[in-house]
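Q: how does the following fold in three dimensions:
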Amino acid sequence: MLVLLTFCTFVSQAASATDPMPPHQVMQNLDRNACSLVICGPAEKGLPGRDGREGIQGPKGDMGAQGIPGPRGIVGPPGKTGPTGLPGEKGSQGVQGEKGDLGNMGKSSITAMRGTPMTSAPSGTKGDIGPQGEKGATGDKGPMGAIGAQGPKGTTGNPGPKGDQGSVGEKGDKGEVGGRGLQGPTGMPGPMGRTGSSGLKGDKGSIGEKGMKGDSGLSESNLMKNQVSALQGQLAVLQATLAKYQKVAAFPSGRIVGNRAFVTSGYEGNFDDLRQRCLQAGGQLASPRNAAENAAIQQIVILHNKPVFLGINDIQTEGRFKYLNGETIAYSNWQQGEPNNEKGRENCVEIFVNGRWNDRSCGEKRLIVCEF
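A: Prediction:
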């Protein structure tokens, strides 16, 4: 037991006197009867990798290696001394020596002299040492020393590999319509509108008081110039007001290009139904005559994500597409391979979100876009 404790103490002192040995660390755990040696390797996986944008979480890394154990506790006091062994057996008695000879007797007349004393016989040889007594019982084990202080925290493992990018999540529900944005800057004044009809002649006013004689009046040409200047100012105000009303009428589902406004109510129907509704509203089905007007209609298609019927068809003559007023179209933006008059029933024209045209059966239902 003493040898085992000494070995564990030596290992503990050697481990605490040196720096941690990466990537391996030595740990010891003193049990009641023995010391065990545990070798720990570095973590195969470190901390978890970062998730993929809008993806699933990567695997969690394993816990880092345990820190170096604290110093070994104080060795307990020695056990009690065992009982004394039994005394050895008494050695055998030595052999008695021979008796010495008697001295000569003296003459009777004379007192005989005392004889020389007999020397004592030599002592017998010393007996052999008796056998050693039995070994006493082992003393009780001393109390266990106090638990050493907790060792320092082990080093953090290396970060794990970056996780794979998560799969793209399902498309979320369509969000609610956002609040109305700030009003944009005032656009350029639109073209001058047609001159309105002359109003009824007003009643003749009462004759005013006669004024004082004024200075010589302006010439007729100067008077005309002043009137024209005043009319131009009034016209600018009217144009600005008209532009404002046009924007209000077109918001949020309309577009204005030049002097044309393209508006939708969200209604869907076949070609004849849509044409009648636009006529009843005072307009006609949208009929783009250039790229700018086509782009304006395309924006409405993108906003509603629905194709739109245009005011163009070849109902009268197959392959000759015309506007609703009978004029041959001067602008087109056909999809590649179109028009193809599939199954001989495609006489109307629709516009897709990419702005391209396709011939389509007039009985299909499409989003209404009127032109004013």
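Q: can you give me the mean pLDDT across the longest helix along the chain?
A: When the chain is scanned for its longest helix (criterion: DSSP state H), the result is helix 220-250. Helix 220-250 shows a mean pLDDT of 76.
Q: what residue ranges in the stretch 251-372 of the chain are flagged as low confidence?
A: The stretch 251-372 of the chain contains residues with pLDDT under 70 at 251-252.
Q: can you rerun that using 90?
A: 251-260, 281, 343 (pLDDT under 90).
Q: residue ranges for the strands of it, please.
A: 254-257, 260-263, 268-269, 284-285, 308-313, 322-323, 348-351, 357-360, 366-367, 370-371 (DSSP state E, counting those that start in this stretch).
Q: packing partners of the third one?
A: In other words, strand 268-269. Applying 3 or more CB pairs under 8 Å, 6 or more residues apart in numbering; DSSP states H and E, one finds that strand 268-269 makes contact with strand 366-367. Every C-beta, even on glycine, is put in place using the N, C-alpha and C of the backbone.
Q: can you say which of the strands of the stretch 251-372 of the chain is packed in most?
A: Greatest average neighbour count among the strands of the stretch 251-372 of the chain goes to strand 348-351 (a mean of 26), per mean count of other CB atoms under 10 Å.
Q: neighbouring contacts of that strand?
A: If you take CB atoms under 8 Å, 6 or more residues apart in numbering as the criterion, strand 348-351 is touched by 271, 294, 297-298, 301, 307-310, 312-313, 315, 321, 333, 339, 357-362, 364, 366.
Q: could you rerun that using 6 Å?
A: Strand 348-351 has contacts (CB atoms under 6 Å, 6 or more residues apart in numbering) with 271, 297, 301, 307-310, 312-313, 357-360, 362, 366.
Q: what is the nearest of these to Gly160?
A: Val301 (48.9 Å; CB to CB).
Q: how close does the closest one get to Glu209?
A: 67 Å (CB to CB, to the nearest Å).
Q: and the helices in the protein?
A: Counting by DSSP H, the helices of the chain are 2-16, 220-250, 271-280, 291-304.
Q: you'd agree Gly133 is up against Gly85?
A: Yes. Look at Gly133 against Gly85 with CB atoms under 6 Å: they come within range, at 2.4 Å.
Q: which helices and strands does the longest helix of the chain pack with?
A: Counting contacts by 3 or more CB pairs under 6 Å, 6 or more residues apart in numbering; DSSP states H and E, helix 220-250 packs against no other helix or strand.
Q: count residues in the vicinity of the residue lying closest to Ile129 once chain neighbours are set aside, would you?
A: Leaving out its chain neighbours, the residue that sits closest to Ile129 by CB to CB, 6 or more residues apart in numbering is Gly88, at 6.3 Å. Using other CB atoms under 10 Å, Gly88 has 12 other residues around it.
Q: again, but for Gly355
A: 17.
Q: name the nearest residue to it, ignoring sequence neighbours.
A: Take Gly355 and drop its neighbours on the chain: the residue closest to it by CB to CB, 6+ apart is Gln298, 4.0 Å away.
Q: from Asp140, how far out is the one you found?
A: Taking CB to CB, one finds Gln298 at 99 Å from Asp140.
Q: and for Leu285?
A: For Leu285, the distance to Asp140 equals 110 Å [CB to CB].
Q: quick one: residues contacting Ala286.
A: With contact taken as CB under 6 Å, 6+ apart, Ala286 is in contact with Phe262, Ile297, Leu310, Val369, Glu371.
Q: report the two of these separated the most.
A: Phe262 and Leu310 (10.7 Å).
Q: would you map out the domains in this structure?
A: Here the domain parsing of the chain from automatic domain parsing is 1-50+58-73, 250-371.
Q: what is the neighbour count of Arg320?
A: Arg320: 10 neighbours (other CB under 10 Å).
Q: excluding its backbone neighbours, what's nearest Pro131?
A: Gly88 (6.0 Å).
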